[in-house]
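Q: Using only what follows, build the 3D model:
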Amino acid sequence: EVQLVESGGGLVQAGGSLRLSCAASGFTFDDYAIGWFRQAPGKEREGVSCIINSDGSTYYADSVKGRFTISSDHAKNTVYLQMNSLKPEDTAVYYCAAQRRGGNEYNYWGQGTQVTVSS
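A: Coordinates of the predicted model:
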């Protein structure tokens with residue numbers, strides 16, 4: 001059974017940090033890219049960052065560049081999103097998702113974790 005389980009969300013003051021984790025199971029980790037997405041109330045879901053596990057390439061949305069860092073632990077089949085200098089506009093439910101190498105859509109999604117940044 002394929003599972004993506006996010007953790008690490010919570011309430012933090014502006015300027016603070018959180019580290020989200022996405023634990024993957026049920027598929028070959030190195031064959032997938034893992035992306036982080038977020039959705040705030042009343043807004044569309046947006047891509048935040050992703051990492052291609054086969055070669056370590058990373059991508060970031062302009063809104064988080066320089067503040068967020070994505071990384072992958074292949075021994076633990078876990079992807080992390082280190083979020084620093086958080087802003088109230090980062091408040092959202094954060095989801096991780098997995099896309100098979102060569103594919104054009106994300107095949108699997110986690111249940112999400114809430115991040116709330118207070119001003």
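
Q: Next, name the residue at the spatial heart of this structure.
A: W36 (2.7 Å; CA atoms, centre = their mean).

Q: show me what contacts it?
A: Neighbouring residues of W36 by CB atoms under 8 Å, 6 or more residues apart in numbering: 20, 22, 47-50, 70, 79, 81, 94-96. Where C-beta positions appear, they are placed from N, C-alpha and C, glycine not excepted.

Q: 6 Å - rerun?
A: Listed by CB atoms under 6 Å, 6 or more residues apart in numbering, the contact set of W36 reads 48-49, 81, 96.

Q: S119 reaches G15, doesn't it?
A: No - here S119 does not reach G15: they are 9.9 Å apart, not a contact under CB atoms under 6 Å.

Q: On the three-state scheme, the residue nearest to the centre of the chain is what?
A: Under DSSP: H, G, I helix; E, B strand; the rest coil, the three-state class of W36 is strand.

Q: Which element, helix or strand, includes the closest residue to it other than its chain neighbours?
A: Leaving out its chain neighbours, the residue that sits closest to W36 by CB to CB, 6 or more residues apart in numbering is V48, at 4.4 Å. For V48, the element it lies in under DSSP states H and E is strand 46-52.

Q: Against which helices or strands is that strand packed?
A: Identification of packing neighbours for strand 46-52 by 3 or more CB pairs under 6 Å, 6 or more residues apart in numbering; DSSP states H and E yields strand 32-39, strand 58-60, strand 68-73.

Q: Show the average pLDDT along the last one.
A: For strand 68-73, mean pLDDT is 98.

Q: With stretch 95-105 instead?
A: For stretch 95-105, mean pLDDT rounds to 94.

Q: hang on, the earlier thing: can you redo the contacts of W36 as TSV with distance to Y108 and neighbour count?
A: Compiled in TSV, these are given as follows (distance: CB to CB, whole Å; neighbours: other CB atoms under 10 Å):
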residue	distance to Y108	neighbour count
V48	17	24
S49	17	22
L81	17	25
C96	9	31
